[in-house]
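J.: sequence and computational prediction follow.
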Amino acid sequence: MAEIMLKALAHTYVSNPQSPADYAIREMTHVWHQGGAYALLGPSGCGKSTLLNIISGLLQPSDGDVVFDSRIVNELPPEERNIAQVFQFPVIYDTMTVFDNLAFPLRNIRTPEAKVRERVAEVADILDLVPLLRRKAKNLTADEKQKVSMGRGLVRDDVSAILFDEPLTVIDPQLKWKLRRKLKEIHERFNITMIYVTHDQLEASTFAEKIAVMYEGQVVQFGTPRELFEKPAHTFVGFFIGSPGMNFLEMTVTESGLSFGKLPIPVDPRLLELAHRSGSNNVKLGIRPEFVEVHEEVGSNTLSVKVEDIQDLGTYSILSFRLNGVSLKARLGEEHAIRGEYAHVRFPEASTHLYIDECRVEVGND
Ligand SMILES: Nc1ncnc2c1ncn2[C@@H]1O[C@H](COP(=O)(O)OP(=O)(O)OP(=O)(O)O)[C@@H](O)[C@H]1O
């Protein structure tokens, strides 16, 4: 069991890096606490596998340190780090039985056979593999094989952490939720640090207590699923988390305030002050579709917008509308009907967020 710290860590695959864009992992300092259930979430190519391979020791970082419980492990090969890794595709021996596959990591470290039987029985029980123990692995279904692969990661009780790299890719959608629940159960039972890599926000938020969202080699936010939804720290998090993602309105900063095109947008004067001080012309207002107020009639401070489309998704619908030439979205409840060609929307100040150079800014008692 261990706390894992990434200290001023960076990695490039390029021999002579010239700019931050040459780094698959840009410099980061980051701590994974002992016993935590974490997800590493981000789109393809953002650096998730690179980071995971650096933690497991398959890859040496070009800069910085990987520290397990205050011990620098940069030089240690994977087998000496006591890290278990479960990959996208099952890693099992087809010709062995399920029992022997699960026993393999223990027999490898010369565990007494009585202990092997005890641990294999425990792990097989939690993964519902008991009826399959005598079967040859090659006859199993894809999800059974992946469960065996997970079991091999869990069977040693001396591992520092288990790293999962998109482990449900080959699993049928109907079985995915079952395995996700299993993983949660395993985490609670074994109190082990787990890091789960995925590009699927639903997978990340059902598994993890805290999610590190990665974008272009950086962790742009590390927070609970709720924090990522309610206070996205970076425009990428706003866009990537949620369905559909956050709306962004590009602001013009003037002496007297912020405006979206010619439309004045009220904001807290302290935020306006921050926008002025930054001198940036990359200022955006973000609001989640869930918080856009939509009315059929004109109301106080409402803006008239042209309805583009209403997508009925059963228990809710998504309204697409146009404002100042920009397409935006609002989420409507079941009972909320918009019939006309125009709707009247409001962006409640308490639900809007200000982003300067893509990062959320806030002022006290926010
Ligand atoms: N062995 C390698 N040599 C050179 N560049 C690499 C290598 N492996 C990854 N990269 C590059 O590093 C960046 C990060 O890749 P990485 O595989 O870590 O991302 P990822 O988030 O895991 O993506 P995916 O979800 O598609 O696996 C990408 O630009 C990728 O092209």
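T.: Great, that's in hand.
J.: quick check: closest non-adjacent residue to residue 244.
T.: Once flanking residues are discounted, residue 244 sits nearest to residue 329: 5.1 Å by CB to CB, 6 or more residues apart in numbering. Placement of C-beta: from N, CA and C, glycine included.
J.: do the same with residue 142
T.: residue 170 is the one closest to residue 142 (CB to CB, 6+ apart), at 4.8 Å.
J.: distance of that neighbour from the ligand?
T.: Remark: distance between residue 170 and the ligand (CB to the nearest ligand atom, to the nearest Å) = 15 Å.
J.: that residue belongs to a helix?
T.: No - checked against DSSP: H, G, I helix; E, B strand; the rest coil, residue 170 lies outside a helix; its state is coil.
J.: quick one: it and residue 86 touch, right?
T.: No - with contact defined as CB atoms under 8 Å, residue 170 and residue 86 do not form a contacting pair (11.7 Å).
J.: quick check: neighbours shared by these two?
T.: Taking CB atoms under 8 Å, 6 or more residues apart in numbering as the criterion, residue 170 and residue 86 both touch residue 146.
J.: more crowded one of these two?
T.: residue 86 (24 against 14; other CB atoms under 10 Å).
J.: okay, now residue 222: neighbour count?
T.: A total of 19 residues lie near residue 222 under the criterion other CB under 10 Å.
J.: so what secondary structure elements neighbour the strand or helix carrying it?
T.: Using DSSP states H and E, residue 222 maps to strand 218-223. Applying 3 or more CB pairs under 8 Å, 6 or more residues apart in numbering; DSSP states H and E, one finds that strand 218-223 makes contact with strand 23-32, strand 210-215, helix 235-240.
J.: pairing partners for the helix or strand following the longest one, with directions?
T.: Meaning strand 23-32. Proceeding N to C from strand 23-32, the next assigned helix or strand is strand 37-41, under DSSP H and E. When pairs are called by DSSP bridges, strand 37-41 turns out to pair with strand 193-198 (parallel), strand 210-215 (parallel).
J.: tell me the angle the first one makes with strand 23-32.
T.: Same thing as strand 193-198. Using axes from the mean of the first three to the mean of the last three CA atoms, to 10 degrees, the direction of strand 193-198 lies 150 degrees away from that of strand 23-32.
J.: other residues contacting strand 193-198?
T.: Under CB under 8 Å, 6+ apart, the answer for strand 193-198 is 1-4, 32-41, 48-49, 52, 55, 160-168, 183, 187, 203-204, 207-208.
J.: for residue 23, which non-adjacent residue is spatially closest?
T.: residue 12 (4.7 Å).
J.: ok, now which ones touch the one you found?
T.: 22, 23, 24, 62.
J.: mind doing that once more with 10 Å?
T.: Counting by CB atoms under 10 Å, 6 or more residues apart in numbering, residue 12 makes contact with 18, 20-26, 50, 61-63, 217.
J.: out of the residues you listed, who's the most crowded?
T.: Going by other CB under 10 Å, residue 25 tops these with 26 neighbours.
J.: give me the spatial nearest neighbour of that residue, chain neighbours excluded.
T.: Going by CB to CB, 6+ apart, residue 25 has residue 11 as its nearest residue, at 4.1 Å.
J.: just residue 271 next, same as before
T.: The spatially closest residue to residue 271, leaving aside those adjacent along the chain, is residue 354, at 4.9 Å (CB to CB, 6+ apart).
J.: mind naming the longest helix for this structure?
T.: helix 173-190 (DSSP state H).
J.: what's that helix packed up against?
T.: Here helix 173-190 touches strand 37-41, helix 113-126, helix 142-154, strand 161-165, strand 193-198, helix 201-207, going by 3 or more CB pairs under 10 Å, 6 or more residues apart in numbering; DSSP states H and E.
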